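**Q** Fold the following for me, if possible:
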Amino acid sequence: MEVKIRIADNFELDVRSHLIERGVAILGLRGSGKSYTASVICEQLLEAGQPVVIIDLIGEHFTLRERFPVLIAASGDAPYADVKGLTANSAPRLAEFIVEHGLSLILDLSHGLMVDRLRILGEFLEAFYRAEEKHRHPYVVILDEAHRVLPEKGVVRLKEIKKAQEKVEHYVYELSATGRHMAVGPVVVARRSAEISKLILSQCEVRILHKLVDPTDLKYASNWLTREEVERLRNLNKGEAVVVGLGEPIWIRVRRRLCSHGGETPLTKPVVTPDLSEAVERLTELLKAEKVPEAPPETPPSALVEELERLRRRSQELEQRLRVLESELSEAQAQVKSLEALAEERLRRIKELEARLPEAETWEEMRSDYERRLAELEEKLRETEEEKEELHRQLLEVSEDLEKLEEVKSLLMDWRDVIVELGQKLDVELIPSDIQAIVDERDHYRQLYEELKQETERRRRLTEDVLADPAVQDWVKTAKTTLKWFMDRRSEHWRILRKVVVTDPSYLFLPEEFPEVSVSPSTVASYLNDFALKGFVLKHEKAKMGRTAYSNALPLWVSQNVRRIRLDAPDEAIKAIVEELKSYVLKWR
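**A** Numbering: from 1, shown residues only. Okay, the predicted model is just below:
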């Protein structure tokens, strides 16, 4: 049954064909209404009974509880949350629980260090993907402020943040690229096309564009809009947008929300149904929430560039010092073990000498001296451990500072957009036109390069996916069985087939062109007709010197059969299977 949601008076989104099968991206400046549009989509989906998962990085979507029984799980101690203190360890259980029960969820990640929020999100998405593979419940996943966790180019990060971010990007891509097979569709909300990962953005065919002013973003919009329409996009009011990717552009004004907006009005009358209340109680029993530390006070954005560079150098110095201390600790531990073994040997020797010599007091002094040295080494080892802990604490402080600086950078980018827009309004050329032309050309070629790289990566992933498809693998086994039937026969089939598979498919050959076989040309023709019946040889009537000729059809045979199974199979996958079957034939006998 078709389910459509109306987000404007003149526009509807089809849940299956638009949200699930194609994916939606919402782009726009801060304050242009992109998060509001995402909330309208959420409300309409919930009104239609469609489960949603909302990944909320700024804590604006909790007001959906004014009208809808949505479970709220938070990484911090938000007063409106049903589940508080969510951790990376408890996130998988949460994901499995909501999928099993078909619940809608707001995953509130507005509190905590970025590395902890990324770890929670990565573990949740992995478990959600696995649970959907098993249960296949239809879901729409909305990722607000996506550029904060899936940036195209971000600041230098610690390896822990980079590792957690890579996991999030992997599972968001998997849900976007293959989620339609499990009835899962993405809605990605970001500020600018240049700030979010192109790999993720390319998976969203439907774009809802709010106001954009940056030249790079306007150039991106020109892929769908004329010059006059781009100028109209630059001057849109709050709540106005254009929908592209569905044929002709559709200009809309987003309808009013049913609930209050989280950034303006606090939640006053949350809806809690008996089913949701019971689910919260059951989920609370399953999860063991860990207390999240309070975030440190914000650092004012003074001397931003110098401070960022100093923190980077300090981070590198601390990491280098930590590696040195770990090396020294390892050496000290090895030395302690060596000394312990030596002490045991010496003690054994002392006992032997004590039995032979009367000067027991002298040996007792030597043993005390060794015990003293061992105690000194143990003390040094303890001090080294304490220094290592202190350095680790300093590293965490640097990580927190870097996160604050990234937020400051985001604010500065907003200021830059305002300045650019102001310059355009006042008709002041802030950037010389020739310099801007060079920058645009550089961005153009950079975009072409990124698109080529993404297309190459997409085809590589698609090739691997096709080759790993169980149905394709079963067909390859069947094809080998068919070829083996001919190769096992005592006749000359195998010699003829070996020559056929290495022949250029465009070349037409006659039965007389097999001198290496011990049968007559008429028999060769009979064998070739057998191959033609199976499909890996083509028969051409009166094609060469007025006679029936033949050609190698193995690539065509593979292509037709594999693409009956996987219509999207790329040429690379077909070529790989052809080479596999060709090698199978050539290695026979």
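
**Q** Could you check the pLDDT of the closest residue to residue 582 other than its chain neighbours?
**A** Once flanking residues are discounted, residue 582 sits nearest to residue 501: 4.9 Å by Cβ to Cβ, 6 or more residues apart in numbering. C-beta: built from backbone N, CA, C; applies to glycine. Residue 501 is assigned a pLDDT of 91 by the prediction.

**Q** So what would you say the end-to-end distance of stretch 533-549 is?
**A** 15 Å (Cα to Cα, to the nearest Å).

**Q** these two touch, right, residue 486 and residue 494?
**A** Yes - counting by Cβ atoms under 8 Å, residue 486 touches residue 494, with 6.7 Å between them.

**Q** rewinding a little: so who does the residue nearest to residue 582 touch?
**A** Residue 501 makes contacts with 536, 552, 554, 581, 582, 585, 586, as judged by Cβ atoms under 8 Å, 6 or more residues apart in numbering.

**Q** Can you pull out the low-pLDDT segments for the stretch 251-400 of the chain?
**A** The stretch 251-400 of the chain contains residues with pLDDT under 70 at 262-277, 287-305, 307, 354-364.

**Q** if we go to 50?
**A** 265-269, 289-300 (pLDDT under 50).

**Q** follow-up on the earlier one: need the contacts of residue 501 in CSV with pLDDT and secondary structure, can you?
**A** Below are those laid out as CSV (pLDDT from 0 to 100; DSSP: H, G, I helix; E, B strand; the rest coil):
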residue, pLDDT, secondary structure
536, 88, coil
552, 94, strand
554, 94, helix
581, 93, helix
582, 92, helix
585, 90, helix
586, 90, helix
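
**Q** Just the closest of those residues to residue 130, please.
**A** Closest approach to residue 130 among the contacts of residue 501 (Cβ to Cβ): residue 581, at 34.1 Å.

**Q** Distance-wise, check the closest one relative to residue 162.
**A** Distance, residue 581 to residue 162, using Cβ to Cβ, to the nearest Å: 42 Å.

**Q** mean confidence for stretch 76-96?
**A** 90.

**Q** what's the span of that stretch from first residue to last?
**A** Span of stretch 76-96 from end to end, Cα to Cα: 21 Å.

**Q** Tell me who's in contact with the residue nearest to residue 492 when sequence neighbours are not counted.
**A** Distances taken as Cβ to Cβ, 6+ apart put residue 517 closest to residue 492, at 4.3 Å, once the chain neighbours are dropped. By Cβ under 8 Å, 6+ apart, the contact list for residue 517 reads 492, 495, 496, 524.

**Q** Am I right that residue 517 sits in a helix?
**A** No - using DSSP: H, G, I helix; E, B strand; the rest coil, the assignment for residue 517 is coil, not a helix.

**Q** Report pLDDT for it.
**A** Residue 517 is given a pLDDT of 86.

**Q** out of the contacts of residue 501, what pair is the most spread apart?
**A** 536 and 586 (14.2 Å).

**Q** more neighbours, those two?
**A** It is residue 536, of residue 536 and residue 586, that has more neighbours when counted by other Cβ atoms under 10 Å, with 23 against 12.

**Q** Just the element for residue 283, please.
**A** In the assignment (DSSP states H and E), residue 283 maps to helix 274-286.

**Q** which residues in the stretch 451-589 of the chain form strands?
**A** Using DSSP state E, counting those that start in this stretch, the strands of the stretch 451-589 of the chain run over residues 537-544, 547-552.

**Q** Show me what the first one is packed against.
**A** Just to be clear, that refers to strand 537-544. helix 521-534, strand 547-552 (3 or more Cβ pairs under 8 Å, 6 or more residues apart in numbering; DSSP states H and E).
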